[in-house]
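Student: sequence and predicted model, in that order:
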Amino acid sequence: MSLFSKTKQYALKKYMELLSAHAPARALPEDVSKIAVLQFGGIGDLLITTGGLAALNKKFPDAKITLFTSSKGNAAILGRMDFLGEVVPFDIFSLDMRGLLKPGFWREFKKPLNALRAKNFDLLVNFHVPVLPNLIDWWAVEWTLVKLARARFSIGVRPLFFKTKSIYDVSVSEGLIDDLHFTQLYSRMLNNADIACAATTQLEVIDDSAAVKEVSPEKAVGAQYAVIHPGGFRASLENSVWSRENYQKLASLLSGECTVYLIGVESEAKAVEAIAAGNDNIISLAGKKGLFETADMIKNASVFIGENSGPFHIAAAMKTPCVIIQCRDGEPHYHDYPDLELKMFVTPGGSPLPEEIFNAAQGFLKG
């Protein structure tokens, strides 16, 4: 670690210690009418919070919940939770402390701050956990927001370097993710605040015109099919995407057993279509299906195959059997969903063979 990084970490720890100093103990209000929820991750991170969101709605059924998140597009996955109100987008990726003196930093920071201050929230719940040590900038930014929001009561996660100190009225330690999945972490966090919460995820997909604009004709092709999501945004950021050649070999092997559908967003369409090229039993849907149509495809699949990305967490919410490829160290706090049929391949610094993934997927195919 460079001298600059060490100095920055030391300064930010001291700053966060000051933020949490002299915080008086407060009780959870009974008359909660406005709730702020913070979750700045992607689709998968949002899905992981759905058990917590449902618990908040059950505890305070008349309260309006405002979601602060990185993208309104990602938040669409929660569209069937009709108790959710306004969605406030917040580009946390732009809030690196190296940009502290740049106008863009403060312009982006003021967006959620102004919204938080304007509504005088009764309860603030932060479901975002910027895993240390690389993301201490985000910890500092989020704690500043929580402090300045002045909510009547707040709940969240405290970093490893604080055993008891916290800016929140009720908090749990980041260290618990060594043993708990995020759904279990959030369940414990809310239960500690006397808000009953199960360690579950929820995603409602209904096979009608309201859920899917057109009933997916693909479901009529054969008795079973596999869905593969090659890559994903987070995996690409971390340079850990399984190669296109590996996905092509895997899809080819699976196509002898069932129809294979490849999914992805529009920007991935060209690469995904290249994987499907020349095989009529491999069909690319990348960029051709909306969010709920894709979720519907995953729900009805015999097996989902991919990496740690949004579609994997959709599959987990749908209880679809999964084979997950992790070309880096394992992250059980993301993967180890309770009660999910999951085969995990963790190969840091290496890569599993397509034949290994195929053999694992075959175990979920019928007949």
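Tutor: Yep, it's here. Numbers count the residues shown, from 1 in each chain.
Student: for Leu53, what is the enclosing helix or strand?
Tutor: Secondary structure assigned from DSSP states H and E places Leu53 in helix 50-59.
Student: Val37 in helix, strand or coil?
Tutor: strand (DSSP: H, G, I helix; E, B strand; the rest coil).
Student: pretty sure His128 contacts Glu142?
Tutor: Yes - assessed by Cβ atoms under 8 Å, His128 is found in contact with Glu142 at 6.4 Å. C-betas here are computed from N, CA, C, even on glycine.
Student: now do the shared contacts for the two.
Tutor: Residues touching both His128 and Glu142 (Cβ atoms under 8 Å, 6 or more residues apart in numbering) are 38, 40.
Student: for the two, indicate the residue with more neighbours.
Tutor: Glu142 (25 against 21; other Cβ atoms under 10 Å).
Student: pretty sure Val87 sits in a strand.
Tutor: Yes - according to three-state DSSP, Val87 belongs to a strand.
Student: make 58 the starting number, not 1.
Tutor: Got it, first residue is 58 now, which makes that one Val144.
Student: what about it, neighbour count?
Tutor: 18.
Student: only alpha carbons, please: show the helix holding Leu110 as CSV.
Tutor: What follows is helix 107-116, C-alpha atoms only, in CSV (Å, rounded to 0.1, in the frame of the first residue of the first chain):
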residue,chain,number,x,y,z
THR,A,107,-35.8,-7.3,-0.8
GLY,A,108,-36.3,-9.3,2.3
GLY,A,109,-35.3,-6.2,4.3
LEU,A,110,-37.6,-4.0,2.3
ALA,A,111,-40.5,-6.3,2.8
ALA,A,112,-39.8,-6.3,6.6
LEU,A,113,-39.8,-2.5,6.7
ASN,A,114,-43.2,-2.5,4.9
LYS,A,115,-44.6,-5.0,7.3
LYS,A,116,-43.4,-3.2,10.4
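Student: and after it, which helix or strand comes next?
Tutor: In N-to-C order, the element after helix 107-116 by DSSP H and E is strand 121-126.
Student: quick one: distance of that following strand to the chain centre.
Tutor: 16 Å (Cα atoms, centre = their mean, to the nearest Å).
Student: please compute how far the helix or strand that it is followed by lies from its chain's middle.
Tutor: Using DSSP H and E, the helix or strand that follows strand 121-126 in sequence is helix 129-132. What separates the centre of helix 129-132 from the centre of its chain is 12 Å, taken as Cα atoms, centre = their mean.
Student: same check, this time on stretch 187-206
Tutor: That offset, for stretch 187-206, works out to 17 Å (Cα atoms, centre = their mean).
Student: and the residue nearest the centre of the chain, what element?
Tutor: Closest residue to the average C-alpha location of the chain: Asp102 at 1.4 Å, with Cα atoms, centre = their mean. Using DSSP H and E, Asp102 sits within helix 100-105.
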